[in-house]
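Student: below is the structure, and that's it, no one-letter string:
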C-alpha cells in the first residue's frame, strides 16, 4: 500500500515537509503555529521573487480579512525562529513598498513514496467470512424438512391402508326366501288329545342367516 507523496523543501539546515506540515532543523522539529507555518510555506514556494503583501494575505487567509500587521507579526516570528542564513542575512527579507522575499535558495521539492505492507489483520479478514455458517444452517434446514416429509409419508402408508382394507360388517341376514309351508289344524274339542282335522298350505317367509 502506498501512502500520499511527501513534498520536502530543503534550505540551509532546514527541511520543510508540506504534507506533514512540519519544519525540521537537523532532525529536530521547530515549533510554529499553523498560520506561521503557512506563511513560511508560501514564502518558500516563491523563493527568490518578491511576494506582495496582498498576495500573501490571500494565500494564507483566503476567507478572512486580516490586516498587514498580522502578516508582519508572522514574518517577525519566522525570522526569530529561523535565525540568520550564511553571511548573516535573514531568511526572509523585507522589500520596501513591495512585500517580502525568501532570500535563500531552496532545492526543488522532492517527492517520496512510502510503501507499507498490508497488515496481518487485513489479510486474515476473509477467513472470518460468515458464508460457511449460513451454508451449514441452510443444509440443516433442508435435512430437517426432508426427514419430516419422510416420517409423514411413512405414517400415511402405515395407517390408512389398514383402515381401507378393514372388512365391512356383513348384514344380519344374507337373504330372504318365500316358501309355502304345510299347516295342520287340530281339533281340541274331543277330549284332552288334539285330533288333526285338515292340512292346509300357507305362505311363509323363511329368513336364512349365514353363520359362516
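Tutor: Perfect, I can see it now. Bear in mind that the values here come from a model prediction, so they are computed numbers and not experimental data.
Student: okay, CA-based contacts and neighbour counts for the rest of this
Tutor: Will do.
Student: buried set for the helix ranked longest in the chain?
Tutor: Selection of the longest helix in the chain by residue count, based on DSSP state H, yields helix 131-165. In terms of neighbour count (16 or more other Cα atoms under 10 Å), helix 131-165 has no buried residues at all.
Student: again with stretch 69-76
Tutor: In stretch 69-76, the ones that count as buried by 16+ other Cα under 10 Å are 71, 74-75.
Student: what's the closest of those residues to residue 31?
Tutor: Top of the list for closeness to residue 31, among those and by Cα to Cα, is residue 74 at 13.0 Å.
Student: who does the helix or strand hosting that closest one touch, helix- and strand-wise?
Tutor: Secondary structure assigned from DSSP states H and E places residue 74 in helix 68-82. Helix 68-82 is packed against helix 34-45, helix 53-60, strand 92-95, with contacts defined by 3 or more Cα pairs under 8 Å, 6 or more residues apart in numbering; DSSP states H and E.
Student: among the ones you listed, show me which one is buried the most.
Tutor: Among those, the stretch with the highest mean neighbour count (mean count of other Cα atoms under 10 Å) is helix 34-45, at a mean of 18.
Student: quick one: contacts of it?
Tutor: Helix 34-45 has contacts (Cα atoms under 8 Å, 6 or more residues apart in numbering) with 9, 16, 18, 21-23, 51, 56, 59-60, 74-75, 77-78, 92, 100-102, 106.
Student: output the lowest mean pLDDT helix or strand found in this protein.
Tutor: Using mean pLDDT, DSSP states H and E, the weakest-scoring helix or strand in the chain turns out to be helix 120-123, at a mean of 48.
Student: re earlier: okay, the buried residues of stretch 69-76 in TSV with pLDDT next?
Tutor: Formatted as TSV, the entries for the buried residues of stretch 69-76 read as follows, by pLDDT from 0 to 100:
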residue	pLDDT
71	94
74	95
75	95
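Student: report the contact partners of residue 90.
Tutor: Taking Cα under 8 Å, 6+ apart, we find residue 90 in contact with 79, 83-84, 103.
Student: how about low-confidence regions in the chain?
Tutor: Scanning the chain for pLDDT under 70 picks out 1-6, 108-133, 159-212.
Student: got the end-to-end distance for stretch 82-101?
Tutor: Terminal residues of stretch 82-101 are spaced 15 Å apart (Cα to Cα, to the nearest Å).
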